[in-house]
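[1] I'll drop the sequence and a predicted model, then ask my questions.
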Amino acid sequence: TVLLQKLLEGIPYKMLQGTDQAEIKMPVYDSRKVQPGDLFVCITGFQTDGHRYIPMALEKGAAALLVEHAVEDVPENITVIQTENNRQALAALSANFYDHPTQKMRVTGVTGTNGKTTITYLVRSVLEQVGRKTGVIGTIENRIGDKVIPTERTTPESLELQALMEQMRQEDVTDVMMEVSSHSLDLHRVDGIAYDVAVFTNLTQDHLDYHKTMENYKIAKSMLFERSKKSVINIDDAAGDFMVEKSAGEVLTYAIDKAADLKAEDISITGEGTAFTVVYEGKHYGVKLHTPGRFSVYNGLGAIGACLCLGVEMEDILAGLAENPGVAGRFQTVRSKKGCQAVVDYAHTPDGLENVLKEAIKEAATIEEATRAAALELGVPVEKMQVEILQQPQKKTFGLFGGCPARVRGYVEESAASTAAAYLKEILR
C-alpha cells in the first residue's frame, strides 16, 4: 500500500472529507476493477461519467474517491478528494504510484500523422545493434525486448502506461520508443512521462472528428515538444516551424528540400529499397533502407536524428538502419518466385494512402495504366478513382496495378496485413 498523501504529490486538490493519510492499495479508474482499499478515480468521459459508478466502487471496497465535483451519500469513513481535472490527476498519481519509471530510462516519443511506427522500429533496430535493451509502445504492438505485448490503442491510458513503463524498467530496458498520439497529449495520458527525445514527422488531415480543426490538431501535437529535452523536427512540413518554436530544448531539424541540420541528397528509389546521402555537420554519409519511397527518406532522417540525440555514433546508426528489414504492413514488399512484386501497406489517412499510391505506381508501365487497373478493381469511374480512394482510406481493398501479373500492389487495413501478404504470395506464384 501507499499513503494517499504521497500519491497526491504535485497535484492541487481539495479535501472534501476524510484524511489524506489513508493507505491506498491501487489507483483505479474502472469501477469493475476496484478491489478493497483502492482509490477510485472518477473520469468524465465522452460516453459516460465515472461519478455515476461511485456506488459500485464503494460496494467493491474502495477506500477513497477522487472526484471533480461534490458527491452525496458517501459514508463518513471514505476519503473524498476533489481536483479540477481528474484525467490530469490520474496521470500524475499513476507516475507517483509507480515511482516515475521513465526517469530511470531514456524515452523517445514520435508524433505526427504518418511515419510514427516506422521511425520507432528504425530507432529500435539501431539501439539493439549497439547493445541496448529496448521497449516499444505503438500501434502494432507493445514490446519489451523480443517479447510482444498486445495493444488496443496507440497510447494506453496513463495508469496502464505507467504500469507498462515500470514493467520495462524491471526487465532492464534502457530505451523506450513510443508513438505519441494527439489524443494522448490532449487527454493527459502521457503527462508524467519524462521525454529525452521527441520526433515530429508531419501533419496532415486526421482525427478531425476529435480535434475539429487542423489548428487544434497542430497545437495538440506541439505539446510533446514543450516537454522534451531534445526535439527532432521535419521542417519540410508546413507545421515544422511551429514545432520548432514550441520546442523547449535543443532542436535538430531534418529535410529533403529545405536547409536543415540533417539534409538528404542524391536520393535513389527502387523496388528493393531507398538509398540517399545525408549531410550532417559538413560530412556526407550513405544511407540504405529496405523500404522504397520518398517518405522512407523522411522516416530515415527522423530515425537518424533521434539516434544522434540518444548518443549513438553515425556509423552505428547507418549499420543499424541497413539491418532493419522494414516494418510489417508498412510498405512491406512481397516478391514471388517468378519475380512479381507486391506491396502491403496500412495507409489509414488520406495523405498516407496517397503517398503509398504515388510510390507504388511509379514502377507500373504508365500511371494511366495503373489508374485504369485500380479503377476497375475498385469498381469506380476512372475520373473519380483518386477521390474515391482518398475518401475511403480504411476500406479493405486489393488494388491491382500495371497489368497483373507484371505488377501487383495490395492495400489493406493493418489487422489484415499478414493475411494480405500471404494472399498476394499466392496470386503471384
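    Cool, got the structure. None of these values were measured; they are calculated from a predicted model. Numbers count the residues shown, from 1 in each chain.

[2] which residue ranges form the helices in the stretch 151-300 of the chain?
    158-170, 182-186, 208-211, 214-222, 240-246, 294-309 (DSSP state H, counting those that start in this stretch).

[3] for those, which one ends up most surrounded?
    Highest mean neighbour count among those (mean count of other C-beta atoms under 10 Å): helix 294-309, with a mean of 26. For every residue, glycine as well, the C-beta is placed using N, CA and C.

[4] Could you give the number of residues near the nearest residue to Gly10 once chain neighbours are set aside?
    Excluding its sequence neighbours, the residue lying closest to Gly10 (C-beta to C-beta, 6 or more residues apart in numbering) is Ala92, at 5.7 Å. A count of neighbours around Ala92, defined by other C-beta atoms under 10 Å, yields 21.

[5] what's near enough to touch Lys116?
    Val110, Gly138, Thr139, Thr154, Glu179, Val180, Thr201 (C-beta atoms under 8 Å, 6 or more residues apart in numbering).

[6] picking that back up, right, and the helices of the stretch 151-300 of the chain - which one's nearest Val80?
    The minimum distance between Val80 and the helices of the stretch 151-300 of the chain falls on helix 158-170, with 19.7 Å, by C-beta to C-beta.

[7] What helices and strands are in contact with that closest one?
    helix 86-97, strand 134-137, strand 142-144 (3 or more C-beta pairs under 8 Å, 6 or more residues apart in numbering; DSSP states H and E).

[8] Pretty sure Gly286 sits against Thr274.
    No. Using C-beta atoms under 8 Å, Gly286 makes no contact with Thr274, being 11.6 Å away.

[9] For these two, indicate the residue with more neighbours.
    Between Gly286 and Thr274, counting by other C-beta under 10 Å, Thr274 is the more crowded of the two (23 against 11).

[10] picking up where we left off before, please tell me how far the residue nearest to Gly10 sits from Ile11.
    5 Å (C-beta to C-beta, to the nearest Å).

[11] got a pLDDT number for Arg294?
    As predicted, Arg294 sits at a pLDDT of 86.

[12] Next one: the closest residue to Thr44 other than its chain neighbours from Val41, what distance?
    Nearest residue to Thr44, sequence neighbours excluded (C-beta to C-beta, 6+ apart): Glu68, at 6.2 Å. Counting by C-beta to C-beta, the gap from Glu68 to Val41 is 10 Å.

[13] next one: Lys263
    47 Å.

[14] Mind checking which of the two has more residues around it?
    More crowded of Lys263 and Val41, by other C-beta under 10 Å: Val41, with 27 against 19.

[15] Show me the beta-bridge partners of the more buried one.
    When bridges are called by DSSP bridges, Val41 pairs up with Leu66.

[16] Test my guess that it contacts Leu66.
    Yes. Between Val41 and Leu66 there is a contact at 4.5 Å, judged by C-beta under 8 Å.

[17] what is in contact with these two at once?
    In contact with both Val41 and Leu66: Pro27, Asn86, Ala89, Leu90, Leu93, using C-beta under 8 Å, 6+ apart.

[18] and the residue of the chain positioned farthest from its centre, backbone torsions?
    The C-alpha centroid of the chain is most remote from Glu76, which lies 43.9 Å away (C-alpha atoms, centre = their mean). Here the main-chain torsion angles of Glu76 (degrees, to the nearest 10) amount to phi -60, psi -30.

[19] Val199 and Thr111 touch, don't they?
    Yes. The pair Val199 and Thr111 qualifies as a contact (C-beta under 8 Å) at a distance of 7.2 Å.

[20] So for the two, which residue has more residues nearby?
    A count of neighbours by other C-beta under 10 Å puts Val199 above the other of Val199 and Thr111, at 35 against 30.

[21] Tell me what that one is bridged to.
    Val110, Val232.

[22] Mind listing the shared neighbours of Glu68 and Val41?
    Common neighbours of Glu68 and Val41 (C-beta under 8 Å, 6+ apart) are Asn86.

[23] Which residue, other than its chain neighbours, is closest to Met26?
    Closest to Met26 by C-beta to C-beta, 6+ apart is Asp38, at 5.0 Å.

[24] ok, that neighbour to Tyr98 distance?
    Taken as C-beta to C-beta, the span from Asp38 to Tyr98 is 15 Å.

[25] And for Gly271?
    Distance from Gly271 to Tyr98, by C-beta to C-beta: 46 Å.

[26] Now do stretch 48-59: distance to the chain's middle.
    Counting by C-alpha atoms, centre = their mean, to the nearest Å, stretch 48-59 is centred 32 Å from the centre of its parent chain.

[27] which residues sit against it?
    Under C-beta under 8 Å, 6+ apart, the answer for stretch 48-59 is 28-29, 31-32, 34, 38, 40-44, 65, 67-69, 71, 74-75, 78, 86.

[28] related to what we said a few turns ago, save the contacts of Lys116 as a markdown table, and put in distance to Asp20, neighbour count and pLDDT too.
    Below are the contacts of Lys116 laid out as a markdown table (distance: C-beta to C-beta, whole Å; neighbours: other C-beta atoms under 10 Å; pLDDT from 0 to 100):
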| residue | distance to Asp20 | neighbour count | pLDDT |
| --- | --- | --- | --- |
| Val110 | 38 | 28 | 96 |
| Gly138 | 37 | 23 | 86 |
| Thr139 | 39 | 18 | 72 |
| Thr154 | 34 | 20 | 49 |
| Glu179 | 36 | 23 | 93 |
| Val180 | 32 | 29 | 92 |
| Thr201 | 43 | 26 | 95 |
